[in-house]
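# Quick one, fold the following:
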Amino acid sequence: MGKLITDELITQRMESKGWIEGCDDEHARNQVLAYYECKITDNMQRPEFSIYEESTRDGYSVWIATADPSSISICEDVYYYDHDLTGVIYEAILDYNDIYCDDEQLVEDAITMHYEELLCRMENRVIEELEDEGYSSKIVAPINPLHYIEMISQDIQFDKDNESYLGFINITVDDTYKWLSYANQVIKDRSRYEIIANHYGLTIQRAVQSELIFNKLEITD
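The predicted model follows:
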């Protein structure tokens, strides 16, 4: 059996890089801000971008989100409701290196959005790394008989490092078998698919109407 990409392997690789699913808020925050080279500061003096609450002359509260507090645009920088500000901070983290915000919950919500997206992105990168190292993805839904035989070769019963290793797999081919169509094609044209099985380190020991047996191919000198 070749080297397979498993969920456990992906998780291990991601955690080694600091991308941990279900981690605490502080870890997620550190990962996101380090990735985007951004800092959330509690110092309002000259940050690149600021988000803060302000009161109008007649006592209403509004939110200001701006890169230039000295030139605030009512149309672009002033928010009456704070529910839009999570998205504003989310975008600011991408665009600025130094951000001031006086509402910690808004920051945490934006960090959570970024972290969840980065987890997906990092998972894809890890899979690409593993593929470059010669690993292959485990097949769960074959699309043709050749793909089906490759899936069979990935079964744990052909993995010598697994306690379930047997070196063969016996398949009952009946109407309840999920891959009935592909199994029947292998049975009908055994000699053709034997070549494919050999390619994946298997041999077809038995191929009859109701039974299909694959053995691990033993290579002798």
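# Show me which helix runs longest in the chain.
The helix that spans the most residues within the chain, counting by DSSP state H, is helix 104-132.
# So which bits of that one are buried?
106-107, 109-115, 118-119, 122-123, 126-127, 130 (16 or more other CB atoms under 10 Å). No exception for glycine: its C-beta is placed from N, CA and C like everyone else's.
# what does stretch 85-103 give?
Quick answer for stretch 85-103 (16+ other CB under 10 Å): 85, 86, 88, 89, 90, 92, 93, 96, 99, 100, 101, 103.
# contacts for it?
Residues outside stretch 85-103 that contact it (CB atoms under 8 Å, 6 or more residues apart in numbering) are 32-33, 36-44, 47-53, 63, 65, 67, 79, 82, 106-107, 109-111, 113-114.
# Kindly recompute the last result at 6 Å.
By CB atoms under 6 Å, 6 or more residues apart in numbering, the residues outside stretch 85-103 that reach it are 36-41, 44, 47-52, 63, 65, 106-107, 109-110, 113.
# Can you say which of these are buried?
The neighbour count (16+ other CB under 10 Å) marks 38, 40, 47-51, 63, 65, 106-107, 109-110, 113 as buried among the contacts of stretch 85-103.
# which one of these is nearest residue 13?
Relative to residue 13, the closest of the buried ones among the contacts of stretch 85-103 is residue 113; by CB to CB it sits at 23.4 Å.
# ranges for the strands of this structure?
4-5, 39-41, 49-55, 61-66, 78-79, 98-101, 136-137, 168-172, 202-208, 211-216 (DSSP state E).
# Report the inter-axis angle for the third one versus helix 104-132.
Between the axes of strand 49-55 and helix 104-132, defined by axes from the mean of the first three to the mean of the last three CA atoms, to 10 degrees, the angle is 160 degrees.
# for strand 49-55, what is the average pLDDT?
Mean per-residue pLDDT for strand 49-55: 92.
# can you check the fourth one too?
Throughout strand 61-66, pLDDT has a mean value of 92.
# Which neighbours in the sheet does it have, and how are they oriented?
Using DSSP bridges, the strands paired with strand 61-66 are strand 49-55 (antiparallel), strand 78-79 (antiparallel).
# Let me see the residues that make contact with it.
Outside strand 61-66, the residues that touch it by CB under 6 Å, 6+ apart are 51-55, 72, 77-80, 82, 85, 88.
# could I get the residues you listed as CSV with distance to residue 198?
Shown next, in CSV, are these (distance: CB to CB, whole Å):
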residue, distance to residue 198
51, 64
52, 69
53, 71
54, 74
55, 78
72, 73
77, 68
78, 71
79, 66
80, 70
82, 65
85, 62
88, 60
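# Which members of these are the farthest-apart pair?
55 and 88 (19.5 Å).
# on that earlier part again, show me which pair in the buried residues of helix 104-132 is furthest apart.
106 and 130 (36.9 Å).
# got the CA positions of stretch 156-170 in PDB?
Provided in PDB are the C-alpha atoms of stretch 156-170 (Å, rounded to 0.1, in the frame of the first residue of the first chain):
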ATOM      1  CA  ILE A 156      -6.600  -1.400   5.800                       C
ATOM      2  CA  GLN A 157      -6.500  -5.100   5.300                       C
ATOM      3  CA  PHE A 158      -3.600  -4.500   2.900                       C
ATOM      4  CA  ASP A 159      -1.800  -2.200   5.300                       C
ATOM      5  CA  LYS A 160       0.900  -4.200   7.100                       C
ATOM      6  CA  ASP A 161       1.300  -1.400   9.600                       C
ATOM      7  CA  ASN A 162      -2.400  -1.800  10.700                       C
ATOM      8  CA  GLU A 163      -3.500  -4.400  13.200                       C
ATOM      9  CA  SER A 164      -6.400  -5.300  10.800                       C
ATOM     10  CA  TYR A 165      -3.900  -6.400   8.100                       C
ATOM     11  CA  LEU A 166      -4.900  -9.700   6.500                       C
ATOM     12  CA  GLY A 167      -3.300  -9.500   3.000                       C
ATOM     13  CA  PHE A 168      -6.600 -10.200   1.300                       C
ATOM     14  CA  ILE A 169     -10.200  -8.900   1.100                       C
ATOM     15  CA  ASN A 170     -13.200 -11.100   0.400                       C
END
